[in-house]
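Q: Predicted model follows, preceded by the sequence.
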Amino acid sequence: MNVFVTGGAGYIGSHVVRLLIEAGHRVRVYDNLSEGHRAAVPSEVPGRKAQRAGRTRSGAGGLFEGDLMDEARLAEALDGGFDCVMHFAAHCYVGESMENPQKYYRNNVVGSLRLAAAMRKVGVGRIVFSSSAATYGVPREIPIPEDHPQQPINAYGQTKLDFEHALAYYAGAYGLGYATLRYFNAAGAAPDAAIGEDHDPETHLVPVVLQAALGQRQRVEIYGTGYPTPDGTCIRDYVHVCDLAQAHILAMEAIEPGKGLAYNLGNGSGYSVREVIETARRVTGREIPADVAPPRPGDPPELVASSEKITRELGWKPQYPDLDTIVETAWRWHQSHPDGYRD
Ligand SMILES: NC(=O)c1ccc[n+]([C@@H]2O[C@H](COP(=O)([O-])OP(=O)(O)OC[C@H]3O[C@@H](n4cnc5c(N)ncnc54)[C@H](O)[C@@H]3O)[C@@H](O)[C@H]2O)c1
C-alpha cells in the first residue's frame, strides 16, 4: 500500500515507517520536525533534496517537511495516490497539556481536523490514529478493556478523545474507515539500535532512567509516592515500540470503509515507577539515584491494558512483552547514541 505517515520522524512513527518499508509498503513521511529527527527517517525514504528535484512529487515516497496546520502544504503532500494515512503527529506531554491546553487543542484537534479535511479532498479513505490510554482517565477496572468509559483527566487525553469522536462521525457521514489505537506506555528501541527514543526535553520514564544510568542526569524524580498502589508510585503498562509498529500494519489491513476499529495496545502487566527504576538498575548494572518529587496534575494512579481484543481479532502477538527486554533494547540505543540523533 501507499501510506502517508504524519509524525513519521518521531519516536513511534519512525519505528512504524521502518516496518512498513520492510513489509514492502511505500511511505511518505509528513513531519514539521518540531520533535522529530530527519535521521530517524529510514534512508529508503528520499529526503528534501529529492523532493526539490521533483523526484517525489508524484507517487508515494519522500520526507515532506510540513505542518498539519499548513493546509496548502498538506494538500500538496497528500496528493500522491495514498491508500492510508497513519497519524502520529501530535503534542504528547500530559503535564504540558495542563499548563498550556491551547497548544494541545490547536495541534491535536485542529491539526487533526485539517488532516481529515485534506484526506476528504483528495479521496484518502482510511486512517490509523495514535490514540492513548490517557483517554480513559482514572480506570474503574484493571486491566482496561476498550469499552471502558473514556473520561480523560488531562487536556492531552481529552484532545485524543475529541479526534476519536470526530473519526466516528466522519465514518458515518463520509464513509471514512479508521482504526484508533490506544497505546499505553511506548518504550524500547529497535533491537539493532539504529533508531530509538530522543525527545527534548525527555519526560518518559524509561529514557529518563537510562539517562541517569549514563550519568547524563543526576537523578530520577519520582512524581508522587502517595498513590493507592502497593509501593505508592504510579503504575503503567509498557509496550515495546516494535510491537506497536506491528499492530499498525495489522490494523491498516483490517480497516473497512465507513467502519471504525478501536484497540488497546499494552502487555497487560503493570509496573510501578520504583519497579521500572529497579529493572533499569538490574539491566544496566548502574546506580540510578532517585528522589521523591510532588505528584503531577493529570496522572492517574494506574493504567494497565487489556489487549485481548486485538490479539483475538487481528492476531497481534507482542514479540517483546517483558519489561527487562524492553529496557535492554532501550539501553542499547542509549549507550550507542548517548546524544540521540545528534550522534
Ligand atoms: N510515546 C507514548 O508512550 C505514547 C503513548 C500514547 C500515545 N502516543 C501518541 O503516539 C503518537 C506518537 O508519539 P511519539 O512518542 O512518537 O511522539 P514524538 O513527539 O516522538 O512524535 C511526534 C512527531 O510528530 C511531529 N509533529 C508534531 N506536531 C506536528 C505538526 N503540527 N505537523 C507536523 N508534524 C508534527 C513531531 O515533529 C514528531 O516527529 C502521538 O500522537 C502520541 O500522542 C504516544
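A: That came in fine, so what should we check first? Just so we're clear, the structure is a prediction, and the values are computed from it rather than from any experiment.
Q: Need phi/psi at H91.
A: Note on H91: backbone dihedrals following degrees, to the nearest 10 are phi -90, psi 140.
Q: again with R342
A: The phi/psi pair for R342 (degrees, to the nearest 10) is phi -70, psi -20.
Q: Burial check on it, number of neighbours?
A: Residues near R342, counting by other CB atoms under 10 Å, number 10. Yep, even glycine has a C-beta here, placed from its N, CA and C like the rest.
Q: Same check on E287?
A: Using other CB under 10 Å, E287 is surrounded by 9 other residues.
Q: pretty sure F184 is in contact with V304, am I right?
A: Yes - F184 lies in contact with V304 (CB atoms under 8 Å); the separation is 7.3 Å.
Q: higher neighbour count, the two?
A: F184 (26 against 21).
Q: Residues in contact with both of F184 and V304, list them for me.
A: Common contacts of F184 and V304, defined by CB atoms under 8 Å, 6 or more residues apart in numbering, comprise R236, D237, G266.
Q: for these, which one is nearest P145?
A: Closest to P145 out of those is G266 (11.4 Å), distances taken as CB to CB.
Q: leaving aside the residues next to it on the chain, what's closest to that closest one?
A: A305 (2.8 Å; CB to CB, 6 or more residues apart in numbering).
Q: can you check E146 too?
A: Distance criterion CB to CB, 6+ apart; nearest residue to E146, sequence neighbours excluded, is A262 at 5.1 Å.
Q: can you give me how far the helix or strand hosting that neighbour is from the chain middle?
A: In this structure, A262 sits in strand 260-265 according to DSSP states H and E. Here the centre of strand 260-265 is set off from its chain's centre by 14 Å, with CA atoms, centre = their mean, to the nearest Å.
Q: Verify the stated contact: the residue nearest to G266 with A186.
A: No - judged on CB under 8 Å, A305 makes no contact with A186 at a distance of 12.0 Å.
Q: With only the CA atoms kept, save the one helix or strand H248 maps to in CSV.
A: For H248, the host element (DSSP H and E) is helix 241-254. Taking C-alpha atoms only, helix 241-254 is exported to CSV below (Å, rounded to 0.1, in the frame of the first residue of the first chain):
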residue,chain,number,x,y,z
VAL,A,241,7.7,0.2,20.2
CYS,A,242,8.3,-2.5,17.6
ASP,A,243,5.2,-4.4,18.9
LEU,A,244,3.2,-1.2,18.4
ALA,A,245,4.6,-1.0,14.8
GLN,A,246,3.3,-4.5,14.1
ALA,A,247,-0.2,-3.6,15.3
HIS,A,248,-0.3,-0.7,12.9
ILE,A,249,0.1,-2.9,9.9
LEU,A,250,-2.5,-5.3,11.2
ALA,A,251,-4.9,-2.5,11.9
MET,A,252,-4.3,-0.9,8.5
GLU,A,253,-5.1,-4.1,6.7
ALA,A,254,-8.3,-4.7,8.7
